[in-house]
Structures are given as C-alpha cells and as structure tokens.
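[1] next input, structure requested:
(one chain, ligands or ions: 2)
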Amino acid sequence: MRRLSEIRGAVRENRPLIHCITNPISINQCANTVLAAGARPIMAEHPAEVDEITESADALVLNTGNITDVRMVSMEISLQAAAREGIPVVLDAVGTACSGLRRGFVLKLLETAAPAVLKGNYSEIYALYHAAYHSPGVDADGELDEATVLDAARELAKRYGTVVLASGKTDIVTDGVKTARIKNGTPQLAAVTGTGCMLGVLCGVFLSACPGMEAASAACVMLGVCGQLAETEKGSGTFMVSLLDALSTVTDAQLENNMSTEETAL
Ligand SMILES: Nc1ncnc2c1ncn2[C@@H]1O[C@H](COP(=O)(O)OP(=O)(O)OP(=O)(O)O)[C@@H](O)[C@H]1O
Ligand SMILES: Cc1ncsc1CCO
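    Ligands and ions are numbered 1, 2, ... in the order given. Got it, this is the predicted structure:
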C-alpha cells in the first residue's frame, strides 16, 4: 500500500469535495468523518441539482441504507454524471442482504457504470453474489466466514471490474487478483450504528487521492485504528465521540504503529 501518510497529506492539501447521497440515520456522522479526514462533504440529494453537484466533486459516495424513490433517481443521475466526468465512485450496498429492492437496485447501478469501490459488510457482499441468500436487518450475519466472503468478493470484483471491500472483524479488499486483509478494529465499531457508512465515506475521501485498492485499504486502516484508539468502557455515546476525536487527531505515526494488514496476490 502506498504510504498512508502520503495519501492523507494529499487529502489535507487538496481538500477534496466529497458528494454523498446517503441515509438520514448516519448522515451527520458521515459529514463529520469527511471533515475529520481533511476533506469537504456535500450531502445533496435533490434530483434537480445532483448532476451539477457531482460534476464539481472529487468523489461520489452512493449509500443505499435508506433508499426512497427520490434518492434512487438522484443516485442514477449522479452515477451517470460521475461516469461522464471520470469522477471516482464508492457504491455502499447497505441492506442488500435484507431487501430485494435494494439488491436489484445495486445490481442495476453496477451494470450502469462500475464504481471504483463496491462496499458492504460480509452479508451485503455475499448477497450480491448469491441471489438466494437472505439475512434480516442491516448488520452482518455472524455465520458467514471470511473464506466464503473472500470468494464472493473476488468473483464480484472480476465480474464488474471493480475493487470490492467487505467489512467485518477482518476487512477484505480485493480487485479479484490482489487481496488485502485489514485486521484493525474493535467490536465497539459494530456496537454503534453507521460505522460502515463512515468507512464508505472515508473510501470516497481517499479515492480522490489514489486508486481503489489503496483507497479502500487506507480507509479500513484509518477507521480500524481510530476505533482501537477510541475504545472505552463508558459506553456507546462516549465511544462515538471518541471515534470522531480520533479521526480528526490521529497521527501518521499512530496509524503506522497500529496498522495490521496482510497483502496477497493470487
Ligand atoms: N468484531 C469486530 N472486530 C473489530 N472490528 C470490527 C468488528 N466488526 C466490525 N468491525 C469494524 O467496524 C467497521 C464497520 O464494519 P461493519 O461490517 O460493522 O459495517 P456495517 O455492518 O456496514 O455497519 P453499519 O451498518 O452500522 O454502518 C469496520 O471498520 C470493521 O472493520
Ligand atoms: C440502522 C440503519 N438502517 C438503515 S441504514 C442504517 C445505518 C447503518 O447502516
């Protein structure tokens, strides 16, 4: 992986604009995550303005956590604008394991234009590969093992010509040939809502500075290490505040010293 310090330095210098069409559950913590990383968020979603806004952005993040008719139209318009202008896209496939509507919509977007990064938790990525798989809710099904998800992620990466990020206890990032496993993190990240969405916007931030494999791996290291630094016995509220504190204050040395990654080429 290119040095995380170089990627972060480029972000802080360029202050990229990150257009996010996302869900109201985690929208505020996502905007703050983008700011903490040194970039600028814009969370616009009106269909009549998103073409213009995507056109002026440095990366686009589409998150299906709370799709509505309006957001679906806006995401299609923005995806077309990004493809036309060569703007990198993260497609965060939230809820694809629990809803046929979302699954069909994400597959349609994937056919329209390959995103730089296709992201989801283990269940969401597996559901995009295996049509019959279903799991209730937006959290990952604890029964899915890493090897099974890695196979699905590799196949999806090859099929759509994208980088796939499957998040979980060990995050998997693959382009279908090379694979990175990031072992940073804490179970507290899964005990508060929206940390997967935060991971998605961090991918968008880093995509403005480097290609998909590096951007997705850097995002996993950043969120995972900051989660470790934020660990607390006080509870979920304090953890979320400490996580944002860590995202905005973490040093390159802390990231280098705490990162736990393995890279393999098939
Ligand atoms: N058991 C765990 N141990 C360590 N880190 C974890 C664990 N579970 C999840 N994480 C980390 O939490 C972050 C979010 O991943 P997760 O797979 O929980 O997302 P998600 O299910 O999409 O979350 P949400 O739906 O709440 O946005 C990632 O950085 C991941 O590495
Ligand atoms: C709880 C929840 N429901 C839809 S999106 C979301 C935030 C985490 O994905």
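[2] and for residue 216, the neighbour number?
    Look at residue 216: counted by other Cβ atoms under 10 Å, it has 34 neighbours. Using the backbone N, CA and C atoms, a C-beta is placed for each residue, glycine as well.
[3] please disregard the earlier target; I meant residue 255.
    Neighbour count for residue 255, taken as other Cβ under 10 Å: 21.
[4] helix, strand, or coil at the residue nearest to residue 21 when sequence neighbours are not counted?
    Computed as Cβ to Cβ, 6 or more residues apart in numbering, the closest residue to residue 21 that is not its neighbour in sequence is residue 45, at 4.9 Å. Assigned with DSSP: H, G, I helix; E, B strand; the rest coil, residue 45 falls in the coil class.
[5] what ranges do the strands span in the stretch 1-150 of the chain?
    17-21, 40-42, 59-63, 89-92, 117-121 (DSSP state E, counting those that start in this stretch).
[6] how close does residue 189 get to ligand 1?
    Using Cβ to the nearest ligand atom, to the nearest Å, residue 189 is found at 3 Å from ligand 1.
[7] does the helix or strand harbouring that residue reach ligand 2?
    Element membership for residue 189, per DSSP states H and E: helix 187-190. No: using Cβ under 6 Å from any ligand atom, helix 187-190 never reaches ligand 2; the gap is at least 10.6 Å.
[8] what helices or strands is that helix leaning on?
    With contacts defined as 3 or more Cβ pairs under 8 Å, 6 or more residues apart in numbering; DSSP states H and E, helix 187-190 has these neighbours: helix 212-230, helix 236-249.
[9] the longest one close to ligand 1?
    Same thing as helix 212-230. Yes: Helix 212-230 lies within reach of ligand 1 by Cβ under 6 Å from any ligand atom, at 220, 223, 224.
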